[in-house]
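*Asks:* What shape does this take:
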Amino acid sequence: MLKIVRLAGGLAPIVAAVLVPLGANASVISLGFASLPSAQGWTFSGASLPESSIFSVGGGVLHQDTSGLGGAEGADYSLTNVVADQPFSITFTGRVTEEELLREDQYGHFGLGFGAEVNGFEYFIGLGGGVIDGAVNGGPGLNGTAVLSNSIDTSVFHTYVLDATPAGGGFTLSVDGTQIYAGVGDLTDLANNDLFFGDGSSRAHAVGDISQFVYQSGEAGVPEPASWALMLLGFGGLGALLRRRGPRTACAPA
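*Replies:* Next comes the predicted model:
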């Protein structure tokens, strides 16, 4: 399978098709930032207010403001039946600029978070004021939550990478390329096989920004025969386009 990424300019679709081959069982889901997630197929849920009063897009980010929602609700997005029962990763870049804790304990920092549910395990990473929490098997907090780190400034953008193996529930969390935690996801009886992000908790609300959300399952590998055909077609189209454009004409000095 090929992942075809559309970028600005006439050459970009061809170049992307040539350069991004994925293995036969690989799957990639990327959030865009030109429209609200609901316009991209994500389900918005949990809040009595309309989506556009909580989330907005601009400047290449998705902005969230759930402050003042109250303790009974959050507001988040989900995609159901998309997470395969195989190793996967979620890359999430974001920050929390304000936090409203509704439960005064160290395990409630889930006002902005992301994760997945698959194979009886929940992987839920929450960001708060200088704290990263997570849902882990045997966690000491409510619903199996635990503090994964309290030494990272979450008010500035960081890239968080969750790598999980659903077969046994194991996962690791890395921040800006450095692993900070390894454990097992929390047990769940949900069978949605879903991805989610936003304010999915009634324990805290937050103001923050998301600039990247990418889910990938499977591994890059040798392209399938159909992929090779597309790649050759891409190279041929690229060559034809370059020949049609011809050389640039230099401007003579005045």
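
*Asks:* so where is the stretch 51-200 of the chain shaky, pLDDT-wise?
*Replies:* For the stretch 51-200 of the chain, the stretches flagged by pLDDT under 70 are 71-72, 102-108, 191.

*Asks:* Now do the strands in it.
*Replies:* For the stretch 51-200 of the chain, the strands defined by DSSP state E, counting those that start in this stretch occupy 55-58, 61-65, 75-79, 88-101, 112-118, 121-127, 132-135, 145-149, 158-165, 170-175, 178-184, 186-187, 195-199.

*Asks:* Can you say which of those strands is nearest to residue 42?
*Replies:* strand 75-79 (4.2 Å; C-beta to C-beta). Bear in mind the C-beta positions are built from the backbone N, C-alpha and C, glycine included.

*Asks:* What helices and strands are in contact with that closest one?
*Replies:* Counting contacts by 3 or more C-beta pairs under 8 Å, 6 or more residues apart in numbering; DSSP states H and E, strand 75-79 is packed against strand 43-45, strand 195-199.

*Asks:* Deepest-packed of the ones you listed, please.
*Replies:* strand 195-199 (a mean of 26; mean count of other C-beta atoms under 10 Å).

*Asks:* Can you give me the domain assignment for this structure?
*Replies:* 1-26+220-245, 28-217 (automatic domain parsing).

*Asks:* Deepest-packed of those domains, please.
*Replies:* Of the domains of the chain, the one with the most neighbours on average (mean count of other C-beta under 10 Å) is domain 28-217, at a mean of 19.

*Asks:* how long is that one from one end to the other?
*Replies:* 7 Å (C-alpha to C-alpha, to the nearest Å).

*Asks:* residues contacting the spatially closest residue to residue 138 that is not a sequence neighbour?
*Replies:* Leaving aside its sequence neighbours, residue 138 sits nearest to residue 144 (C-beta to C-beta, 6 or more residues apart in numbering; 6.8 Å). By C-beta atoms under 8 Å, 6 or more residues apart in numbering, residue 144 lies in contact with 135-138, 186-187.

*Asks:* if we go to 10 Å?
*Replies:* By C-beta atoms under 10 Å, 6 or more residues apart in numbering, residue 144 lies in contact with 107, 122, 124, 134-138, 185-188.

*Asks:* Closest to residue 148 out of these?
*Replies:* residue 134 (4.6 Å).

*Asks:* how close does the closest one get to residue 116?
*Replies:* 12 Å (C-beta to C-beta, to the nearest Å).

*Asks:* shared neighbours, these two?
*Replies:* Contact with both residue 134 and residue 116 is made by residues 122-125, 162, 171, 185, according to C-beta under 10 Å, 6+ apart.

*Asks:* Can you list phi and psi of the closest residue to residue 81 other than its chain neighbours for me?
*Replies:* Closest residue to residue 81 apart from its sequence neighbours, by C-beta to C-beta, 6+ apart: residue 193 at 5.2 Å. Phi and psi for residue 193, reported as degrees, to the nearest 10, are phi 50, psi 50.

*Asks:* So residue 193 sits against residue 83, correct?
*Replies:* Yes. Here residue 193 reaches residue 83: they are 4.5 Å apart, a contact under C-beta atoms under 10 Å.

*Asks:* Name the residues contacting each of these two.
*Replies:* What both residue 193 and residue 83 touch, as defined by C-beta under 10 Å, 6+ apart, is the set 116-119, 166.

*Asks:* how about the nearest residue to residue 215, chain neighbours excluded?
*Replies:* Residue 215 sits nearest to residue 29 (C-beta to C-beta, 6+ apart), 4.4 Å away.

*Asks:* could you list every residue that touches that neighbour?
*Replies:* By C-beta under 10 Å, 6+ apart, the contact list for residue 29 reads 40-42, 79, 82-83, 90, 195, 213-217.
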